[in-house]
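Student: Below is the structure, and that's it, no one-letter string:
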């Protein structure tokens, strides 16, 4: 009888053991996929956007703000503080601490409920990443199985790295690096022992121990961590006393802090999912070309101009439709140093610097005149400055276009230089008529100018461009004839620190030669010194630029450059209504341009102040005084054989042969040796 009972008991126990083992094996295989989430750990990580000098601009993320930290970057006392407080035998157990579990079971039985878990750091990591906080036996069994599985696959250091990157530290910070930079504005290696203790104490109660809101409470918790470390001999008495006395500075850094929102938006717009995947989860480090100091000055410059216009037209900032934009680009590289897309990002995030399409008006004239110079015209060439009428058909009806100069006056003849300096509409229109619209369109096609007009309206900038596009094409003057494509990002690093994207200055077109471009620079410099752009002048530095005003003062531009930096300023209304009486580019936009450079010189006193004159530019006498010329653009007297000035001389007074030129004749650079058209020809066809 007894033997039968024993045999039966053994059989039942065996069956139970087999079933338990089978259940364990089944559970072990079932959790394999869950374990892979930690073994192949790839958390969503915030991307960091920096300026050209490494200054932080913004973090971008989707749901959780997490900056990834490698184990080797974590200070040893940070790891020791964590282990001391949460799992002293972490480096000894296999994922499950039996002693801790027994102690927890005893306390749970005594309390008649689950009051203590006895979880190891590995189990805590599993609970946070894979399972829930639910206190059920089934969950604890699965947690234990997962812990052993993970401990078998990962090293202790790898587990700690995952734990410290996964845990929530409050204030919206996920991961130890995020908390270190957010609370203390420090990198991991810069953390003190006390700061490490504060961080280690947060995960258990991140809200009630938040050092921003409950500073004293967080210090008390940190001191408990330090006491534990001293008790087990992991820090000395001296280290303990010193750390207890320390009161670290804590910063209230908001998750949405963004020093340059228009820049950040543009970076995200340009580098979307097609290029790099989701920028908000990939953990990239993006180095922009922007200098945050320049950006702040640019914002102030737009604010300055905006306030002046509001005051002039008696408008309230909250209800006004007035807006503005500014783009500053380094001449030789195309690096965007500053970009402001509007006067108030919070009111409107629409980026007028990159996304708008506005008529440039007279600021487009330099391209017309550069074409003329490259065809053989000289700054001293006479142009006809008289009224002309043009006939065209619209909707089957005959129309008459009778353009005029600002103010309604005209001079009959005007030097090319003076026509640009004083922005003569009639001289420009007559010049386009003489050169021909097809020739100008052919030149502009080199610059990738969109929607080039096919009629005489091209003379007055009748096309739509953004300030950034204007900066791109205007760079042909600032960069001695070569157009440089503006860039806003210099390089992008992966989460692992590898360079995955890098740009170099991209030269798009050789629009003209350095000597020819310098002729235009000298003209635009005069436009600032004594012409329509006088309000853009800056004492102590040479500025070249052109104003632009569209019909009824709807758009006001100033496009200009110093020897090293090009800047485009635009003001207008978002509803495309007129700004107001007298709101020309010279009065509305030039002051902001000047403000930008004056403030810039305060932080960059060593900026280059004067333009370099390239080889191939000479000085001579015209009928009205001194003038520059090149082998392509000789003085008018040299074309017509004036004996008073029929010899070319270089800047040293040495005679040269103008025919010894290495500039080949081409359809885009035909030499002309003919008089300009008669001023009596006062009619034409628009189309």
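Tutor: Good, I have the coordinates. All values reported here derive from a predicted model rather than from experimental measurement. Numbers count the residues shown, from 1 in each chain.
Student: ranges for the strands of the stretch 251-400 of the chain?
Tutor: 285-288, 322-330, 336-340, 382-385, 389-394, 397-401 (DSSP state E, counting those that start in this stretch).
Student: right, so the ones you listed: which one is the most enclosed?
Tutor: Of all those, strand 336-340 has the most neighbours on average by mean count of other CB atoms under 10 Å, namely a mean of 28. Where you see a C-beta, it was placed from the backbone N, CA and C, and this is true even at glycine.
Student: Report all helices and strands that that strand contacts.
Tutor: helix 261-270, helix 292-312, strand 322-330 (3 or more CB pairs under 8 Å, 6 or more residues apart in numbering; DSSP states H and E).
Student: returning to that earlier point: for residue 410, which of the strands of the stretch 251-400 of the chain is the nearest?
Tutor: Counting by CB to CB, residue 410 lies closest to strand 382-385 out of those; the figure is 4.9 Å.
Student: May I have the strands that pair with that closest one, each with its orientation?
Tutor: strand 412-415 (antiparallel) (DSSP bridges).
Student: on contacts alone, who are the packing partners of the helix or strand that the strand it pairs with is followed by?
Tutor: Sequence order places helix 416-421 as the next helix or strand after strand 412-415, per DSSP states H and E. When contacts are defined as 3+ CB pairs under 8 Å, 6+ apart, helix 416-421 packs onto helix 365-374, strand 382-385, helix 425-435, helix 514-530.
Student: now helix 416-421, how far from the centre of its chain.
Tutor: What separates the centre of helix 416-421 from the centre of its chain is 36 Å, taken as CA atoms, centre = their mean, to the nearest Å.
Student: Mind checking the pLDDT average for that helix?
Tutor: In this model, helix 416-421 has a mean pLDDT of 97.
Student: Use 15 as the first number for this chain going forward.
Tutor: In the new numbering, first residue 15, that becomes helix 430-435.
Student: which other residues reach that helix?
Tutor: Applying CB atoms under 8 Å, 6 or more residues apart in numbering, the contact partners of helix 430-435 are 379-380, 383, 386-387, 391-397, 399, 438, 441-442, 445, 537-538, 540-541, 544-546, 560, 641.
Student: just stretch 179-192 next, same as before
Tutor: Taking CB under 8 Å, 6+ apart as the rule, stretch 179-192 contacts 55, 57, 60, 78-83, 87-88, 92, 139, 142-143, 178, 193, 196-197, 202, 213, 216-217, 220-221, 223-224, 226, 267, 269.
Student: Among those, name the buried ones.
Tutor: The neighbour count (16 or more other CB atoms under 10 Å) marks 55, 57, 60, 78-83, 88, 92, 139, 142-143, 178, 193, 196-197, 202, 213, 216-217, 220, 223-224, 267 as buried among those.
Student: Just the ones in strands from those residues, please.
Tutor: 79, 80 (DSSP state E).
Student: related to what we said a few turns ago, of the strands of the stretch 265-414 of the chain, which approaches residue 428 most closely?
Tutor: Using CB to CB, the strands of the stretch 265-414 of the chain put strand 396-399 closest to residue 428, at 4.1 Å.
Student: wait, what's in contact with the closest residue to residue 277 other than its chain neighbours?
Tutor: In space, and not counting its chain neighbours, residue 277 is closest to residue 304: 5.4 Å by CB to CB, 6 or more residues apart in numbering. Residues in contact with residue 304, defined by CB under 8 Å, 6+ apart, are 65, 66, 71, 274, 277, 350, 351, 352, 353, 502.
Student: Who are the contact partners of the residue nearest the centre of the chain?
Tutor: In the chain, the residue lying closest to the centroid (CA atoms, centre = their mean) is residue 277, at 3.4 Å. Residues in contact with residue 277 (CB under 8 Å, 6+ apart) are 63, 71, 302, 304, 309, 353, 502.
Student: Check the gap between the fifth one and residue 618 for me.
Tutor: From residue 309 over to residue 618 the distance is 14 Å, taken as CB to CB, to the nearest Å.
Student: more neighbours, the two?
Tutor: The residue with more neighbours, out of residue 309 and residue 618, is residue 309; 25 against 16, by other CB atoms under 10 Å.
Student: Next, work out how far apart that one and residue 614 are.
Tutor: Look at residue 309 and residue 614: by CB to CB, they are 11 Å apart.
Student: How about residue 231?
Tutor: 47 Å.
Student: Residue 111 too?
Tutor: Applying CB to CB, the value for residue 111 to residue 614 is 62 Å.
Student: Show me the shaky parts of the chain.
Tutor: For the chain, the stretches with pLDDT under 70 are 15-27, 29-47, 112-132, 145-153, 287-289, 421-422, 652-701.
Student: now with 50?
Tutor: 127-130, 656-701 (pLDDT under 50).
Student: Show the secondary-structure elements that the helix or strand hosting residue 489 is packed against.
Tutor: In the assignment (DSSP H and E), residue 489 maps to helix 481-492. Counting by 3+ CB pairs under 8 Å, 6+ apart, the packing neighbours recorded for helix 481-492 are strand 336-344, helix 379-388, strand 496-499, helix 528-544, strand 569-575, strand 579-587.
Student: what about that helix, distance to the chain center?
Tutor: Worked out by CA atoms, centre = their mean, helix 481-492 lies 18 Å from the chain centre.
Student: cool, and stretch 296-305?
Tutor: So, by CA atoms, centre = their mean, the centroid of stretch 296-305 is 8 Å from its chain's centroid.
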